[in-house]
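Engineer: Build the 3D model from these lines:
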Amino acid sequence: MNLISIRIITSKIEELIHFYEQVTGAIAVRFTPDFAEIKTKTATLAIGSTNTLQFFGGDTVAQPAQNRSVIIEFMVDDVQQRFEVLAPLLKECTVQEPTVMPWGNKSLLLRDPDGNLVNLFTPVSKEAVAKFGGE
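Structural biologist: This next block holds a predicted model:
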C-alpha cells in the first residue's frame, strides 16, 4: 500500500490553490474549477471545493476549515531560505518561524487560509538527515 495523496476540501478553493502554489513553488494542475492537484516527488496534495462532496455522498461527508488534528508537511531544501523569500507573503499565517525541533528538523509552521497547520521543514541533525536519505 502507498500513500498517494491528501485531499483538502474547502470553500476557498482559489485561496488554497494560491497559498500552496506560493508555499511549494509548484504550479497546481487544475482538472476542473472545483479540483486541483499539487504534485511532489513522493505524494500529491489535492484541493477540492465543497462542490465535489456530492460525489462522495453529500455535503456532510467532510466539512471545510474544521481540521485541528493534522499537520501537512513538506520537506524543503532550506527552510530558512524559503522563510526569508516567503516572509512578506506569510506574515498573517506564520505560526512559528524556523525553529530546530527536538527530533532534528528545522521547521516553519504556517496556517493555510482554512486554518490547516502546514509544516515546511529541513532535516538538520545527523540523525534527521540520515532518516530522509541524506548524507
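Engineer: Please count neighbours and contacts with C-alpha atoms only from this point.
Structural biologist: Noted.
Engineer: Using the record's assignment, carve the chain into domains.
Structural biologist: Per the record, the chain has its domains at 1-62, 67-135, by automatic domain parsing.
Engineer: Any chance of CSV for the ones you listed, columns mean pLDDT?
Structural biologist: Shown next, in CSV, are the domains of the chain (pLDDT from 0 to 100):
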stretch, mean pLDDT
domain 1-62, 93
domain 67-135, 93
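Engineer: Include mean neighbour count when you put those domains into TSV, please.
Structural biologist: Below are the domains of the chain laid out as TSV (neighbours: other CA atoms under 10 Å):
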stretch	mean neighbour count
domain 1-62	15
domain 67-135	16
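Engineer: what ranges do the strands span in the chain?
Structural biologist: Ranges of strands within the chain are 5-10, 29-32, 35-39, 44-49, 71-75, 94-100, 105-111, 117-123, based on DSSP state E.
Engineer: other SSEs contacting the third one?
Structural biologist: On a contact count with 3 or more CA pairs under 8 Å, 6 or more residues apart in numbering; DSSP states H and E, strand 35-39 meets helix 13-24, strand 29-32, strand 44-49.
Engineer: And the fourth one, by the same measure?
Structural biologist: Contacts of strand 44-49 with other secondary structure elements, assessed using 3+ CA pairs under 8 Å, 6+ apart, are made with strand 5-10, helix 13-24, strand 35-39.
Engineer: between those, which one is nearest to residue 124?
Structural biologist: Residue 124 lies closest to helix 13-24 among those, at 19.5 Å (CA to CA).
Engineer: relative to strand 5-10, how tilted is the closest one?
Structural biologist: Angle, helix 13-24 to strand 5-10, by axes from the mean of the first three to the mean of the last three CA atoms, to 10 degrees: 140 degrees.
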